[in-house]
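J.: structure, please.
(2 chains)
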Amino acid sequence: MGISVEGANKSFGDFQALDDVSIEVPDGSLTALLGPSGSGKSTLLRAIAGLETLDGGRVLIDGEDVSTKPTQKREVGFVFQHYAAFKHMTVYENVAFGLKIRKWKKDKIQARVHELLELVQLHGLADRYPSQLSGGQRQRMALARALAVEPQVLLLDEPFGALDAKVRKDLRTWLRRLHDEMHVTTIFVTHDQEEAMDVAGQLVVMNHGKVEQSGTADELYENPANEFVMSFVGEVNRLGDELVRPHDMEVVLDPDDKTQEGLVQRIVALGFEIRVEFVLGDGTEIWAQLTRAEMQRLELREGQIAYLRPVQAKSFNGPPTSSADGASTPQRPTDGGDAEVSAAV
Amino acid sequence: MSSTAGSRWGLRILGLGYLALLLVAPLVLIFYKTFEDGISPPLEAITSPDGLHALKLTLITVAIAVPLNTIFGILCALLLVRHRTKGNFLIDAVINLPFAISPVVIGLSLFLLYGTNGWFEPGLAEAGIKILFSTPGIVLACIFVSLPFVVRETVPVLQEIGTEQEQAASTLGANAWQTFWRITLPAIRWGVAYGVVLTTARVLGEFGAVTIVSGSISGQTQTLPLFVAKQYENFNLPGAFGASVLLALLALAALLAMNLLKRKEDA
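T.: Presented below is the predicted three-dimensional model:
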């Protein structure tokens, strides 16, 4: 059940939440809508569910225009950031709600609810009330409730936003596995680029009510369409017109014609990576991300002078440039996997 | 430490003393006076034909006015909270009118509408419907004075629960009606219940507006509060006290019923 949105417009008073947005979500995919708050990502998701009415444009689910269909007929599973648990119902009754509305037989409901509680690892908590559950449990209950009615698509609005870091990490791994098993077309909204890259196969980056770029995590990271995308999907340093990722800053002790002199201001050891902060001659503050091994080799000290060479830089004002010549392979591994992990810190 | 404990006790004594003097003492006195000469004098007054009729009329009024105000109150609260429009502040202000206006004035205004030469009088007289000096007038007056309670108690609860649960219900296939019955109403039920108890108490005890529209005809248009006043005027103090105690017990019963229901559910 693919989802398309065509030319969606929506404003709230003077605020343009969606500005001619079109996206294409392939059947069975797991897509993240990524953007800062106020970028329109939640509004877009809610419009797909029918919880917001578009001022213009249309929403298609499985090729069918559902723009005028009320929410209850769109067969979407929706998970809210703050769970939207039915507080006066037990976990069992929450999950059974959609099935009762569909007038399922009691024994069938029972079988289905227990199957889902098993799936979200909440068996044994069926008789609890939402107030007796932790945040993570509540969100898993909300997910089971949404999945119970076998929705055509699953929409998650910042589903892990209200949870603490550890639970959030567990749940997103779990969500990805769940999607691998169920293959229901899923869109989830997040402002956390690490979360989006970790969970989703496809990313749609939004800003100011517009789609900036969509693609896989790798594509966005390697070939960002503009400055916003580049700085949103990872850390960047600005060197004049150029943007450089901190792990693409090579630090050497001997200057040549491609290096810039910098004063080591601060060295922060963050486990695997070392963050070295420099001030350049013109006052620009930038930082380089080094491995422990590189650091041991260079023996940098705070207050010393070292030389910086951008291995790979991007400029969005003119034609794309790369200050590194093809022959000089980076001395340290900068493959995709490493880049993602380190960029996220 | 001791000074805060001291001030805490001081506050407690002040508060309890205030309550005792102004609320508890008069009520206890009424109970005491009622049964001063045994149970038969007050019982006799209540079980007299006029007394029984007053009780019946009061209960009929409650049975009509409270459900109507409950339904209207919930609808009105939904309108105020869920459908914000520019005219809402006006509705909000109008709903408070019965609190602001003296019941006597409300009675008089009903008189102007339904009385001789009133606005609605010609049509109603033609149809043979009598509003004033009969049960419909009493019910109308009681609806008027007790209208704000359910609205006022429901609005904050509706605001507090927000709309997410209702939206979740709609994504699960529930239509507006199902969402209201299964999600909204259960979520606001204690606000509504509290409003219902207050409405009931007010309808039971309403005096000013009812005096004017009913004419207080013994055995016909006399509610319990009017019966109390009549007994008092006729120097039948045991009768007046007996009916008063009955009124108080009815209101207490409503309050108790709500608390019992709530406790049963919490358990």
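J.: isn't B:Phe133 up against B:Thr221?
T.: Yes: counting by C-beta atoms under 8 Å, B:Phe133 does reach B:Thr221; the two are 5.8 Å apart. Every C-beta, even on glycine, is put in place using the N, C-alpha and C of the backbone.
J.: number of residues surrounding B:Asp266?
T.: 6 (other C-beta atoms under 10 Å in any protein chain shown).
J.: cool, and B:Ile161?
T.: Residues near B:Ile161, counting by other C-beta under 10 Å: 18.
J.: right, and it touches B:Trp190 too?
T.: No: with contact defined as C-beta under 8 Å, B:Ile161 does not reach B:Trp190; the gap is 11.2 Å.
J.: so what sits opposite A:Ala32 in the bridge?
T.: A:Phe188, A:Leu203 (DSSP bridges).
J.: so who does A:Leu117 touch?
T.: A:91-92, A:95, A:123, A:125-126, A:144 (C-beta atoms under 8 Å, 6 or more residues apart in numbering or on different chains).
J.: mind redoing it with 10 Å?
T.: A:91-92, A:95, A:123-126, A:140-141, A:144, A:148 (C-beta atoms under 10 Å, 6 or more residues apart in numbering or on different chains).
J.: likewise B:Trp190?
T.: Contacts of B:Trp190 (C-beta under 10 Å, 6+ apart): B:153-154, B:157, B:258, B:261-262, B:265.
J.: do that again at 7 Å, thanks
T.: B:Lys262 (C-beta atoms under 7 Å, 6 or more residues apart in numbering or on different chains).
J.: could you find the closest non-adjacent residue to residue 62?
T.: Picked chain A for this. The shortest distance from A:Asp62 to any non-neighbouring residue, by C-beta to C-beta, 6 or more residues apart in numbering or on different chains, is to A:Met1 (4.3 Å).
J.: switch to chain B, that's the one I care about
T.: B:Val203 (5.1 Å).
J.: and A:Ala17, by the same measure?
T.: A:Ala17 sits nearest to A:Thr43 (C-beta to C-beta, 6+ apart), 4.3 Å away.
J.: which of the helices or strands spans that neighbour?
T.: Per DSSP states H and E: A:Thr43 is located in helix A:41-49.
J.: now that helix - C-alpha only, PDB.
T.: The C-alpha coordinates for helix A:41-49 follow below in PDB (Å, rounded to 0.1, in the frame of the first residue of the first chain):
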ATOM      1  CA  LYS A  41       6.500  16.900   9.200                       C
ATOM      2  CA  SER A  42       3.900  16.200  11.800                       C
ATOM      3  CA  THR A  43       1.300  18.100   9.900                       C
ATOM      4  CA  LEU A  44       2.100  16.100   6.800                       C
ATOM      5  CA  LEU A  45       1.700  12.800   8.800                       C
ATOM      6  CA  ARG A  46      -1.600  14.000  10.300                       C
ATOM      7  CA  ALA A  47      -2.800  15.000   6.900                       C
ATOM      8  CA  ILE A  48      -2.200  11.500   5.600                       C
ATOM      9  CA  ALA A  49      -4.200  10.100   8.600                       C
END
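J.: give the next helix or strand downstream of that helix.
T.: Taking DSSP H and E, what comes next after helix A:41-49 is strand A:56-61.
J.: what comes up buried for that next one?
T.: Within strand A:56-61, the residues that count as buried by 16 or more other C-beta atoms under 10 Å in any protein chain shown are A:57-61.
J.: closest to B:Ala209 out of the residues you listed?
T.: A:Val59 (54.7 Å; C-beta to C-beta).
J.: what's around B:Ala117, how many residues?
T.: Not quite, residue B:117 is Asn, not Ala. 7.
J.: revised request: answer the last question for A:Ala200.
T.: A:Ala200, neighbours per other C-beta under 10 Å, totals 25.
J.: please apply the same query to B:His53.
T.: Here the number of neighbours of B:His53 (other C-beta under 10 Å) works out to 18.
J.: quick revisit: please identify every residue contacting each of B:Phe133 and B:Thr221.
T.: Common neighbours of B:Phe133 and B:Thr221 (C-beta under 7 Å, 6+ apart) are B:214-215.
J.: so the two - more neighbours on which side?
T.: For B:Phe133 versus B:Thr221, neighbours defined as other C-beta under 10 Å are more numerous around B:Thr221 (21 against 17).
J.: just give the nearest non-adjacent residue to the more buried one, would you?
T.: Closest to B:Thr221 by C-beta to C-beta, 6+ apart is B:Ser214, at 4.0 Å.
J.: tell me the pLDDT at the residue in the stretch 1-150 of chain B positioned nearest to chain A?
T.: Going by C-beta to the nearest C-beta, chain A is nearest to B:Arg84 of the stretch 1-150 of chain B, at 12.9 Å. pLDDT for B:Arg84: 79.
J.: so it is in which element?
T.: Counting by DSSP H and E, B:Arg84 is part of no helix or strand.
J.: just the closest of the buried residues of strand A:56-61 to chain B, please.
T.: A:Ile61 (13.1 Å).
J.: what about stretch A:124-136 and chain B, touching?
T.: No: Stretch A:124-136 lies apart from chain B when judged by C-beta under 7 Å from any C-beta of the partner chain; the minimum separation is 10.3 Å.
J.: okay, how far is it across that stretch, tip to tip?
T.: 16 Å (C-alpha to C-alpha, to the nearest Å).
J.: buried ones in that stretch?
T.: A:125-126, A:129-130, A:133, A:135-136.
J.: those residues in helices, which ones?
T.: A:135-136 (DSSP state H).
J.: now, the most widely separated pair of the buried residues of stretch A:124-136?
T.: A:Ala126 and A:Gly135 (18.6 Å).
J.: where does chain B have low pLDDT?
T.: B:1-3, B:267 (pLDDT under 70).
J.: returning to that earlier point: ok, the buried residues of stretch A:124-136 vs chain B, which is closest?
T.: A:Pro130 (10.3 Å).
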